[in-house]
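A.B. asks: model this:
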Amino acid sequence: MESLSNEDFGAVKVKHSPEDVLQRWRNICGFVKNPKRRFRFTANLEKRNQAAAMRRTNQEKLRVVVLVSKAAFQFIHAGMQPSDDYIVPGEVKAAGFSICADEVGSLVEGHDLAKLKYHGGVATIADKLSTCTTAGLTTDSDLLNRRQELFGINKFIESEGRSFWVFVWESLQDMTLMILGVCAFVSLIVGLAMEGWPKGAHDGLGIVASILLVVFVTATSDYRQSLQFRDLDKEKKKIDIQVTRDGYRQKLSIYDLLPGDIVHLSIGDQVPTDGLFVSGFSVVIDESSLTGESEPVMVNFDNPFLMSGTKVQDGSCKMLVTTVGMRTQWGKLMATLSEGGDDETPLQVKLNGVATLIGKVGLCFAVVTFAVLVQKMFGRKMQEGMLWSWSGDDALGMLEYFAIAVTIVVVAVPEGLPLAVTLSLAFAMKKMMNDKALVRHLAACETMGSATSICSDKTGTLTTNHMTVVKSCICMNIKEVSKASVASSLCSEIPLSTLKLLLQSIFNNTGGEVVIDKEGKRKTLGTPTDTALLEFGLSLGGDFQAERNAAKLVKVEPFNSVKKRMGVVLELPGGRLRAHCKGASEIILAACDKVINSDGEVVPLNEASVNHLKDTIEQFASEALRTLCLAYMELENGFPVDKAIPSSGYTCIGIVGIKDPVRPGVKESVALCRSAGITVRMVTGDNINTAKAIARECGILTDGGIAIEGPDFREKSLKELLELIPKIQVMARSSPLDKHTLVRHLRTTFDEVVAVTGDGTNDAPALHEADIGLAMGIAGTEVAKESADVIILDDNFSTIVTVAKWGRSVYTNIQKFVQFQLTVNVVALIVNFSSACLTGSAPLTAVQLLWVNMIMDTLGALALATEPPNDELMKRAPVGRRGNFISNVMWRNILGQSLYQFLVIWFLQAKGKAIFGLDGSGSDLVLNTLIFNSFVFCQVFNEISSREMEKIDVFKGILDNYVFVAVLSCTVFFQIIIIEYLGAFANTTPLTFAQWFVSIFIGFLGMPIAAGLKMIPVDT
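C.D. replies: Predicted coordinates:
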């Protein structure tokens, strides 16, 4: 079965499956009872193609707009003016604004420089929107409400959630249930005509009641799943951004943004609204999501237009929000697109294959069963000489045979298999949300259970990301500065000229800021590295605002993970120019040819000085400190702004050592991964000695492991890489391309299932390439999060291990459910088929089979697919990429349990009457009730046995899973009701205490047999 399902359904990948592969498996799934339900969580390829065509059309329109605006640029300088005067609508003027939403919207959307010039530029637009480019909006509620009414809110139109009754309607679309409904209707008509009310209605109403019960239980389960997915969708869309309001920097949800807001954008952010560039440096925007153009766009005072949905590729800036929500081009795009849903997961596809395969077998059995029953009836009538004499009873009998055949198809087609995956994933995703992991793609939850390798960042994932400067080497003197008193005493030891240079470098060459919050407290904003340096500068007595006002920023080259440096050019009082740079110590030191000595004098960098500084870097790094080098350069020959900041000829100011402690629990989590057969590798941009020290502390770097630097890794030949990669445990000074190369080799050459963490924009290719991309929720950029499959909300490595545990739990739970369902399938099929062939009647009626179907399908999935994970899961080897889903262990349990159940039911059928002393007209009904009751209790106890596939103790933690206990209790309760009180509808009769005891004992006996089966060794 595994090989058959792999042949037709195994080509679907975890991510980025080709469309022809997705279409092929849908075509193979021809035999489906209820396509609406079966394919509910399957991508709609037709809608997806329509959406793609619509996106291309919109992109082409926008591309034309952008090109036209560029062509119009030259006319602006020639003094071109708009042909007509703009008149402010009365209600806009009355609300205190001088421009309406349509006017400001068309200005940005059309990249209309002529209109912008006509309105007086960005500063005047801000005035017309009653805002300030430095202090932002005022948070007066009346003003904000008026602004909302006139300009709208930053939310897109979303499709309404489906009501419960839609799920009821979809459950009723099941072809076999519809056929059974017709059978029930005919049965009702014939029964009433023959036996009158109420006796003649029992059979028909029994089937109707069973159908309704199945439909409502199924619909309730599906509706609950849809609510869980809706909640998760809301979580995915929660994005905060930095804004200035009331003169204070603060975080705000993008959905609360209004025209007039001042938004702070940096590398990796998605532009949340349409807007205008206010100030900033080196801003490069990727507009491919809107225009389809891969060429990045420079945004500056000459081209100040920023479009919602585009991404900041480089630089940072302040933006004036002009247009929000459905008025933006992105909003219009979102409204017209329905992307056709997420790709289905490989397990869903594989189980669709299993369901289709078993369904075909079941259909054959059903047809043969019906043919045999009809043939027996014809044979009996021929013996009686009444072949041409047919009564209402005969018609009812024929109808019952047809209903049994249809119900065999109901039971045989395990429609619930692919949906059990969705149920288990929905349950796991909800629980993982509580464990600080937000799953963006269903498949990731499932794939994480097979992970064999985790490539983790260091900063913020293995460490706390709470950085402080604890050591410094200024003017060639090493000093511990972990305490504020020691840091302040350092001021007296450093020459005044050097201190001024140091503070100028710290406060100007930074992506961070020092602001005063609403409570009047001083607060540092920015990356952890920037805030650590700013805190250090403040402890040295520096004044952030005074330093920023003392010099003018001419050019900024923001830090990125390729260059591993950040640089600025300042215009000093008097017109002199000075460049500052900071970054990876060895890279900045290599760019220096001078150094400031202990007397504060600039001297050439000789061999002794270089060795002293290199030793300092190594010493700091070996203490697990992150090292940064600060340097400056006088630009005596001027500096053209369009050129890059010089990369050599600097004077070294000093080196700082930043402590970033290892997170509590990381060492234990790494050890847990190792015991689970998962290899953890550290991939970092930090110094190799720092990386090695942290890796040893975390337990990642072991005696046989290798630590390598990115540049060395790049130079290795393919043959060397094949030998090296399995031993690599630490990669330092790595670029995003190195990470991508490592991941690609692990996946393709070594066939590993790889999880990768990333936080920066440049990590997107590696996150995209990996089987499971894990983005950091706190430190991660929006671009990284968009490329990821799971967002680690607390940036903690221990959460990644929790995700792996949940992944394994999902995989194992679905295996348990499949084992349970296939057992019921096999027994129900063989019992009814063999009985029909040998006795001419079926012991399980249509109503009874519908009840069994509900136990094994919806209720079984609820019970087994929602088991929480346990620590034992992390003591097994990972399944990996090539592991068989239906394992030999499962086949052993399925075949052994099926054989026991079939033998015991066949024994009851053959010898039941003699054992229980049954005779008379009602003996067949009592025996069939006994068989039905025993069969159901076999499933109840088999459900308990299925909690563990290999362990004998199946009761451990059973009371912790309230869903399992509730499902089991409901099954037993309703079984008692069906047997004792619903006999007329379900073709049963009340049983004696002894008969109840035997039924339950037969079911219970399946448990020691299951335990015995688990002791039979099989090849795993």
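A.B. asks: per-domain residue ranges of the chain.
C.D. replies: With domains defined by the TED database, the chain comprises 53-152+257-336, 155-237, 438-463+663-795, 468-659.
A.B. asks: Including mean neighbour count and distance to residue 915, could the ones you listed go into TSV?
C.D. replies: Placement of C-beta: from N, CA and C, glycine included. As requested, the domains of the chain are arranged in TSV below (neighbours: other CB atoms under 10 Å; distance: least, CB to CB, whole Å):
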stretch	mean neighbour count	distance to residue 915
domain 53-152+257-336	18	69
domain 155-237	17	28
domain 438-463+663-795	21	47
domain 468-659	18	76
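A.B. asks: what's the closest of those to residue 387?
C.D. replies: domain 155-237 (20.2 Å; CB to CB).
A.B. asks: quick one: the helices in the stretch 201-350 of the chain?
C.D. replies: Here the stretch 201-350 of the chain has its helices, by DSSP state H, counting those that start in this stretch, at 202-236, 288-291, 329-336, 346-383.
A.B. asks: nearest to residue 636, of those helices?
C.D. replies: Evaluated with CB to CB, the helices of the stretch 201-350 of the chain place helix 288-291 nearest to residue 636, the distance being 41.5 Å.
A.B. asks: and that closest one, what does it pack onto?
C.D. replies: Contacts defined by 3 or more CB pairs under 8 Å, 6 or more residues apart in numbering; DSSP states H and E place helix 288-291 against helix 45-77, helix 329-336.
A.B. asks: Now the weakest link among those helices, please, by mean pLDDT.
C.D. replies: Ranked by mean pLDDT, these bottom out at helix 45-77, with a mean of 65.
A.B. asks: need the next SSE after that helix, C-terminal direction.
C.D. replies: Under the assignment DSSP states H and E, the closest C-terminal helix or strand after helix 45-77 is helix 90-94.
A.B. asks: Please name the residues that touch residue 645.
C.D. replies: By CB atoms under 8 Å, 6 or more residues apart in numbering, residue 645 lies in contact with 555, 557, 567, 568, 569, 579, 581, 639.
A.B. asks: Is it correct that the fifth one falls within a strand?
C.D. replies: I take that to be residue 569. Yes: judged by DSSP: H, G, I helix; E, B strand; the rest coil, residue 569 forms part of a strand.
A.B. asks: Run through the bridge partners of it.
C.D. replies: Judged by DSSP bridges, the bridge partners of residue 569 are residue 555, residue 579.
A.B. asks: any idea how far residue 579 is from it?
C.D. replies: Using CB to CB, to the nearest Å, we find residue 569 at a distance of 5 Å from residue 579.
A.B. asks: Using CSV, lay out the contacts of residue 645 together with distance to residue 117.
C.D. replies: Below are the contacts of residue 645 laid out as CSV (distance: CB to CB, whole Å):
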residue, distance to residue 117
555, 26
557, 30
567, 33
568, 31
569, 29
579, 34
581, 37
639, 29
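A.B. asks: For residue 627, what are phi and psi?
C.D. replies: Backbone torsions for residue 627, taken as degrees, to the nearest 10, come to phi -100, psi 140.
A.B. asks: and if you look at residue 239?
C.D. replies: Phi and psi for residue 239, reported as degrees, to the nearest 10, are phi -130, psi 130.
A.B. asks: how close does it sit to residue 324?
C.D. replies: Distance from residue 239 to residue 324, counting by CB to CB: 14 Å.
A.B. asks: Please name whichever of the domains of the chain is nearest to residue 846.
C.D. replies: With CB to CB as the yardstick, what comes closest out of the domains of the chain is domain 155-237 (5.6 Å).
A.B. asks: Run the chain-centre distance for that closest one.
C.D. replies: 31 Å (CA atoms, centre = their mean, to the nearest Å).
A.B. asks: can you give me the end-to-end distance of that domain?
C.D. replies: Counting by CA to CA, to the nearest Å, you get 11 Å between the two ends of domain 155-237.
A.B. asks: Checking the residue of the chain most remote from its centre next. Helix, strand or coil?
C.D. replies: Outermost residue of the chain with respect to the C-alpha centroid, by CA atoms, centre = their mean, is residue 385; its distance is 69.1 Å. Using three-state DSSP, the three-state assignment for residue 385 comes out as coil.
A.B. asks: Can you find the helix or strand of this protein with the lowest average pLDDT?
C.D. replies: Least confident helix or strand, the chain: helix 2-9 with a mean of 58, by mean pLDDT, DSSP states H and E.
A.B. asks: which residues are contacting whatever helix or strand residue 479 lives in?
C.D. replies: Per DSSP H and E: residue 479 is located in strand 477-480. By CB under 8 Å, 6+ apart, the surrounding residues in contact with strand 477-480 are 470, 471, 472, 473, 486, 490, 493, 598, 616, 619.
A.B. asks: Return the distance of the helix ranked longest in the chain from the chain's centre.
C.D. replies: Longest helix in the chain, counting residues (DSSP state H): helix 797-839. Per CA atoms, centre = their mean, the displacement of helix 797-839 from the mean C-alpha position of its chain is 25 Å.
A.B. asks: average pLDDT for the helix or strand just after that helix?
C.D. replies: Using DSSP H and E, the helix or strand that follows helix 797-839 in sequence is helix 846-854. The average pLDDT for helix 846-854 rounds to 79.
A.B. asks: Packing partners of whichever helix or strand comes after helix 846-854?
C.D. replies: Later in the chain than helix 846-854, the nearest helix or strand by DSSP H and E is helix 860-864. Using 3+ CB pairs under 8 Å, 6+ apart, the elements in contact with helix 860-864 are helix 416-434, helix 797-839, helix 923-945, helix 962-981.
A.B. asks: Kindly reformat those as CSV and extend each row with mean neighbour count, mean pLDDT and distance to residue 719.
C.D. replies: Formatted as CSV, the helices and strands packed on helix 860-864 follow (neighbours: other CB atoms under 10 Å; pLDDT from 0 to 100; distance: least, CB to CB, whole Å):
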stretch, mean neighbour count, mean pLDDT, distance to residue 719
helix 416-434, 24, 81, 41
helix 797-839, 24, 85, 32
helix 923-945, 22, 91, 51
helix 962-981, 15, 91, 53
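A.B. asks: Tell me which of those approaches residue 150 most closely.
C.D. replies: Set against residue 150 and scored by CB to CB, these come closest in helix 416-434, at 36.9 Å.
A.B. asks: got the angle for the closest one vs helix 202-236?
C.D. replies: Here the directions of helix 416-434 and helix 202-236 differ by 40 degrees (axes from the mean of the first three to the mean of the last three CA atoms, to 10 degrees).
A.B. asks: ok, then the element right after helix 416-434?
C.D. replies: Of the helices and strands lying after helix 416-434 in sequence (DSSP H and E), the nearest is strand 437-439.
A.B. asks: Which other helices and strands does that next one contact?
C.D. replies: When contacts are defined as 3+ CB pairs under 8 Å, 6+ apart, strand 437-439 packs onto helix 202-236, helix 416-434, strand 790-792, helix 797-839.
A.B. asks: Out of those, flag the one nearest residue 943.
C.D. replies: Taking CB to CB, helix 797-839 is the member of the helices and strands packed on strand 437-439 nearest to residue 943, at 5.9 Å.
A.B. asks: Remind me which helix or strand residue 595 belongs to.
C.D. replies: Residue 595 belongs to strand 592-596 when assigned by DSSP H and E.
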